[in-house]
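Student: got a sequence here, can you model it:
(one chain, ligands or ions: 1)
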Amino acid sequence: MLVLVINSGSSSLKYQVRDVSAHEHEAGVLAEGLIERIGVGNGGGGDGEPIGPRDHAEALELVDARLHEVLGDRTVDAVGHRVVHGGERFAEPVLVDHEITRAIERLNPLAPLHNPANVLGIRAIAEKWPTMPQVAVFDTAFHRSIPEHAWRYAVPDWLYSRHGIRRYGFHGTSHQYVAHRAAQLLGIPEEEFDGVILHLGNGASATAIQGGKSVDTSMGFTPLEGLVMGTRSGDIDPSILVFLGRQGMNPDEIDALLNRESGLKALAGSNDMRSVVEAAESGDEAARTALAVASYRLAKYVGAYHVAVGGAHAVVFTAGIGENSGAFRALVAERLGALGVELDDALNAERSKEPRVISAPGSAIPLLVVPTDEERAIAEATATVVERASAGSQPVGSA
Ligand code: AMP
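Tutor: Numbers count the residues shown, from 1 in each chain. You can find the predicted model right below:
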């Protein structure tokens, strides 16, 4: 089955075609690309900016033309969408119909930048290929198993009942995929796997896995909570926001400050971990401090989640930084010494795209590196949902 995986942003459309029947060791990627500047630079006063597609429908025409070139006679069998927010309703990927699309739209207030863009992508496909099966794969879904003591904030109930303010968690597709692969690597049945997954990319989150399920995660009501990220602050005292408001900053300014001007960028002047590590190695004090803050905060979460899962079988690094920055992994591992964790420097220095162990044989908790592949996870989930629906075991649109 050929699945077109779509990650639709407000002005961009990222796509990949995966052959899900490809064997485990094959990537199965037939085509991929990114269309940018959708709805940008059109009639914008002749400022010389390149003209992008007018809307998502026009962007999809560009994708279609490209797919014809690459796939020839083969055609896409289904489309899988990365949808950021599934709220409390969606605990699994679902086949999309009108009602599901409207349900995703109703969640717009919880993800005002992302869900409207995801819906644009779904509608563009429905218009172009009306009979194409579409599946929504939610970033929040894997975290629907988090128990109330971990998702509830200690605030009056109306914040939850009226506004849906609670922990949702994100990066779920990646955490689920990586937990599955980590259990495989360790030879433990997935439903018996307890561990801590560290998804460290430009956005970063840690997830506590117990019995193969998410039982806590560091991102919360939004992807701002938790770890120090590329440009996001992660956890801070909420009174800082009140203080800034009283200083005259408006909500949009505070939002931009904490989401786009904080994290590594604020501490070290760059949100690129490679540059921060290089600067620290050449003696830059601010870069050293940034690495110390980020690794310390991450190690605190590992300690907390080791407790949350009743003793982790493994701590797993993934995503851009987790997979590639041996230097950052080493800083975290050093802080985990109190748990009996011991890194193997040679294994940590190896570069490989394969899931692997990087701790010493005597380490009390194994450290793993497991590359994530969200597109693959979305493509496989899409194929499963479509096959189940066509076998009649899942009614269209059920959650
Ligand atoms: P992602 O969001 O998963 O693409 O990850 C982006 C982050 O990974 C950025 O902070 C990059 O600096 C970081 N990254 C990618 N490659 C490397 C590398 N070889 N060494 C250190 N950091 C890297």
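Student: I'd say Y153 and G164 touch.
Tutor: No: with contact defined as CB atoms under 8 Å, Y153 does not reach G164; the gap is 11.5 Å. Bear in mind the C-beta positions are built from the backbone N, C-alpha and C, glycine included.
Student: quick one: mean pLDDT for the helix or strand containing Y177?
Tutor: Element membership of Y177 [criterion: DSSP states H and E] is helix 172-186. Throughout helix 172-186, pLDDT has a mean value of 98.
Student: ok, now stretch 33-45?
Tutor: Within the predicted structure, the mean pLDDT of stretch 33-45 is 76.
Student: can you pull out the helices in the stretch 1-150 of the chain?
Tutor: Listed in chain order, the helices of the stretch 1-150 of the chain (DSSP state H, counting those that start in this stretch) span residues 56-71, 98-106, 115-128, 148-151.
Student: so of the ones you listed, which one's packed in deepest?
Tutor: For these, ranked by mean neighbour count under the definition mean count of other CB atoms under 10 Å, the leader is helix 115-128 at a mean of 20.
Student: that helix vs helix 98-106, what angle?
Tutor: Taking axes from the mean of the first three to the mean of the last three CA atoms, to 10 degrees, one finds that helix 115-128 is oriented at 150 degrees with respect to helix 98-106.
Student: what is helix 115-128 packed up against?
Tutor: Packed against helix 115-128 by the contact rule (3 or more CB pairs under 8 Å, 6 or more residues apart in numbering; DSSP states H and E) you find strand 2-8, helix 56-71, strand 78-83, helix 98-106, strand 134-138.
Student: what sits up against it?
Tutor: Counting contacts by CB atoms under 8 Å, 6 or more residues apart in numbering, the residues outside helix 115-128 that touch it are 6, 8-10, 13, 55-57, 59-61, 64, 79, 81-85, 96, 101, 104-105, 107-108, 132, 134, 136.
Student: now do the residue of the stretch 1-150 of the chain found nearest the ligand: how many residues are near it, please.
Tutor: Among the residues of the stretch 1-150 of the chain, K14 lies closest to the ligand, at 12.1 Å counting by CB to the nearest ligand atom. Applying the criterion other CB atoms under 10 Å, we find 18 residues in the vicinity of K14.
Student: give me the beta-bridge partners of it?
Tutor: Residues found in beta-bridge contact with K14 (criterion: DSSP bridges) are N7, L34.
Student: how about it, what does it touch?
Tutor: Shown in contact with K14 (CB under 8 Å, 6+ apart): I6, N7, S8, E32, G33, L34, I35.
Student: measure the closest residue to the third one other than its chain neighbours to V84 for me?
Tutor: Sequence neighbours aside, G121 is the residue nearest to S8 in space, at 2.9 Å (criterion: CB to CB, 6 or more residues apart in numbering). Between G121 and V84 the distance is 12 Å, computed by CB to CB, to the nearest Å.
Student: quick one: list the elements packing against the helix holding Y177.
Tutor: For helix 172-186, the elements it packs on are strand 134-138, strand 195-200, strand 204-210, strand 213-217, strand 314-318, strand 367-369, helix 374-390, judged by 3+ CB pairs under 8 Å, 6+ apart.
Student: give me the pLDDT for the closest residue to the ligand within the stretch 151-300 of the chain.
Tutor: Among the residues of the stretch 151-300 of the chain, G201 lies nearest to the ligand; the distance is 2.5 Å by CB to the nearest ligand atom. According to the prediction, G201 has pLDDT 96.
Student: tell me the contacts of the closest residue to it other than its chain neighbours?
Tutor: Once its chain neighbours are removed from consideration, G201 has its nearest residue in A319; the separation is 3.6 Å (CB to CB, 6+ apart). If you count contacts by CB under 8 Å, 6+ apart, A319 has them with S174, H199, L200, G201, A204, T372.
Student: hmm, I321 and the third one touching each other?
Tutor: Yes: with contact defined as CB under 8 Å, L200 reaches I321; the gap is 3.9 Å.
Student: how about the residues of the protein near the ligand?
Tutor: Contacts of the chain with the ligand, taken as CB under 6 Å from any ligand atom, map to G201, N202, G230, D272, M273, R274, A319, G320, I321, N324, S325.
Student: lowest pLDDT pick from those residues?
Tutor: Least confident by pLDDT among the residues of the chain next to the ligand: that is N202, with 93.
Student: what about the residue of the stretch 251-399 of the chain found nearest the ligand, neighbour count?
Tutor: Shortest the stretch 251-399 of the chain-to-the ligand distance, computed as CB to the nearest ligand atom: residue-wise this is G320, at 2.0 Å. Applying other CB under 10 Å, we find 18 other residues in the vicinity of G320.
Student: where does the prediction get shaky in the chain?
Tutor: 24-26, 41-50, 393-399 (pLDDT under 70).
Student: please repeat the previous calculation with a cut-off of 80.
Tutor: Low-confidence regions of the chain, defined here as pLDDT under 80, cover residues 22-27, 41-51, 392-399.
Student: so which residue is smack in the middle of it?
Tutor: For the chain, H171 is the residue whose C-alpha lies nearest the centre (CA atoms, centre = their mean; 2.8 Å).
Student: I'd say that residue and H199 touch.
Tutor: Yes: under the criterion of CB under 8 Å, H171 makes contact with H199 at 4.8 Å.
Student: now do the shared contacts for the two.
Tutor: Once CB under 8 Å, 6+ apart is applied, the residues that H171 and H199 both contact turn out to be S205, T207.
Student: what comes up buried for whichever helix or strand H306 is part of?
Tutor: Following DSSP H and E, the helix or strand that holds H306 is helix 285-308. By 16 or more other CB atoms under 10 Å, the buried positions in helix 285-308 come out as 287-288, 290-291, 293-295, 297-299, 301-302, 305-306, 308.
Student: which helices and strands sit right next to that helix?
Tutor: Contacts defined by 3+ CB pairs under 8 Å, 6+ apart place helix 285-308 against strand 195-200, strand 204-210, strand 213-217, helix 263-268, helix 273-281, helix 326-335.
Student: mind listing what's buried in the helix holding Y177?
Tutor: Of the residues in helix 172-186, those buried (16+ other CB under 10 Å) are 172-183, 185-186.
Student: tally up the residues packed near I197, please.
Tutor: I197 has 31 neighbours, counted by other CB under 10 Å.
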